[in-house]
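In: fold the following and give me the result.
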Amino acid sequence: MTESDTAVVGAGPYGLSVAAHLHGHRADFRVFGRPLDTWRTAMPRGMYLKSDGFASNLSAPEPGATLADYCLEHDLPYHPTDQPVPLETFVDYGLDFQRRYVPNLEESMVTSVARQGRGFRLTLDSGEELRAKQVVVAAGITHFASMPQQVDGLSPELVSHSSAHRDLERFAGQQVTVVGAGASAVNLAVWLARAGARTRLVTRTPSVHFSSPPSGGRRTVLARLQKPGSGLGPGWRSRASCDAPDLFRLVPARWRPEIVRRHLGPSSAWHLKEAFESSVEVFAGRSLQRVVATQDGVRLVLASAKGEPPITIESDHVICATGYRADVQRLGFLDPSLRSDLRTLAGTPELSRRFESSVSGLYFLGLSASVSFGPMMRFMFGDEFAARRITQDLVRCAA
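Out: Presented below is the predicted three-dimensional model:
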């Protein structure tokens, strides 16, 4: 059995950023996972990132590693706020980042993490076992796909989560219903229509919200004071989430999960509005009351928040763009005894200011850290803060 000071599980923005910093410190570590797997397999081709260009960086301990640097080097269009980032550009940037800053990435999957003495024993899908003093869990959001209970038991051939779809061409000519109102739902609806599907969107909200288009000029002092910019968008709450994530830990624990859930409600990029309104039928102010399989597809009964009579629609397929909810019990590679020993809040591990859980030596990043550090951990923008903070502790503890 081989040994290492630190094992990083996951190779998304958080896992790669931590690994890049550990590599820069010449630390003894191993990192596992397929690079940007969620971005490469669970998002539709052709979509654009919701985050601005300046908020779509991976973090490295040296200059020259930003998306702006990559676009400049490869003569690609870029603007920190006014130019939407194509998914393909971001994926290419991320893979280039991995080759440059995390050359030792092992594209093996970790199938088991269990305690062994004062450290951990990890098993890979290759059958290899290794021992690590510390483990960083940077699991991707696809572990936490959330589906409405009304679709429980229905075949994935009829009902699926948005993360299951990369290529949408197979839906050409079909009637597809998307459930949700956020960026993922709107992106899917637009690209389904472009792929030749007849597309509907069902949302509980009274309307579908889009961000304002860029003005093309510098914001006034008053506008910046009223809604200061941040990596999560304009507004004082978003700015506080980005500038002082440690302050979120002072918020009473019973309030934090709901704050994280409600922060930045459903909203889509401004550049999708015209295509959406011209190609997607919308059932706003409606929620799923019942979903049943039929001989030809799916029947949805939609309730109204205003007390209006329910309506029924038929569909060939339903895609639930209903987001992600962190729950450590869904991380099947963690040994059951390890999961049971974790102190949790709303399904997420309670973390120290160093991202360490109640199990000594076991750290969590990304969505799993959102109830401890706030909404920024739901987004890529949090990877630099997390990578710098956790690397300091990992290097110190391994010394």
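In: any idea which element residue 319 lies in?
Out: Take DSSP states H and E as the rule and residue 319 turns out to sit in strand 317-320.
In: could you give me the average pLDDT of that strand?
Out: Mean pLDDT, computed over strand 317-320, is 96.
In: cool, and stretch 323-338?
Out: On average, stretch 323-338 scores 94.
In: and the end-to-end length of that stretch?
Out: 26 Å (CA to CA, to the nearest Å).
In: got a list of contacts for it?
Out: Outside stretch 323-338, the residues that touch it by CB atoms under 8 Å, 6 or more residues apart in numbering are 9, 110-115, 137, 139, 141-146, 180, 182, 184, 339, 342, 344, 347-349, 359, 362, 364, 367-368, 370-371. Placement of C-beta: from N, CA and C, glycine included.
In: okay, and which of these map to strands?
Out: 9, 110-115, 137, 344, 348-349, 362, 364 (DSSP state E).
In: pull out the buried residues from the residues you listed.
Out: Among the ones in strands among the contacts of stretch 323-338, those classed as buried by neighbour count (16 or more other CB atoms under 10 Å) are 9, 110, 112-113, 115, 137, 344, 348-349, 362, 364.
In: just give me the closest of those to residue 287.
Out: Each of these was scored against residue 287 by CB to CB, and residue 348 proved nearest at 25.8 Å.
In: for this structure, where's the lowest mean pLDDT among helices and strands?
Out: helix 221-226 (a mean of 79; mean pLDDT, DSSP states H and E).
In: residue ranges of the helices in the stretch 1-150 of the chain, please?
Out: Ranges of helices in the stretch 1-150 of the chain, per DSSP state H, counting those that start in this stretch, are 13-24, 37-41, 67-73, 87-101.
In: show me what counts as buried in the longest one.
Out: Residues of helix 87-101 classed as buried: 87, 89-90, 92-94, 97-98, 101 (neighbour count, 16+ other CB under 10 Å).
In: name the helices or strands packed onto that helix?
Out: Judged by 3 or more CB pairs under 8 Å, 6 or more residues apart in numbering; DSSP states H and E, helix 87-101 is in contact with helix 13-24, helix 37-41, helix 67-73.
In: what about the ones you listed, which gets the closest to residue 386?
Out: Closest to residue 386 of the helices and strands packed on helix 87-101, according to CB to CB: helix 13-24, at 6.1 Å.
In: only alpha carbons, please: show that closest one as PDB.
Out: Provided in PDB are the C-alpha atoms of helix 13-24 (Å, rounded to 0.1, in the frame of the first residue of the first chain):
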ATOM      1  CA  PRO A  13     -12.600  23.800 -10.300                       C
ATOM      2  CA  TYR A  14     -12.200  23.300  -6.500                       C
ATOM      3  CA  GLY A  15     -10.200  20.000  -6.700                       C
ATOM      4  CA  LEU A  16      -7.900  21.300  -9.500                       C
ATOM      5  CA  SER A  17      -7.400  24.700  -7.700                       C
ATOM      6  CA  VAL A  18      -6.400  23.000  -4.400                       C
ATOM      7  CA  ALA A  19      -4.100  20.600  -6.300                       C
ATOM      8  CA  ALA A  20      -2.500  23.500  -8.200                       C
ATOM      9  CA  HIS A  21      -1.600  25.200  -4.900                       C
ATOM     10  CA  LEU A  22      -0.400  21.900  -3.300                       C
ATOM     11  CA  HIS A  23       1.800  21.400  -6.400                       C
ATOM     12  CA  GLY A  24       3.100  24.900  -6.100                       C
END
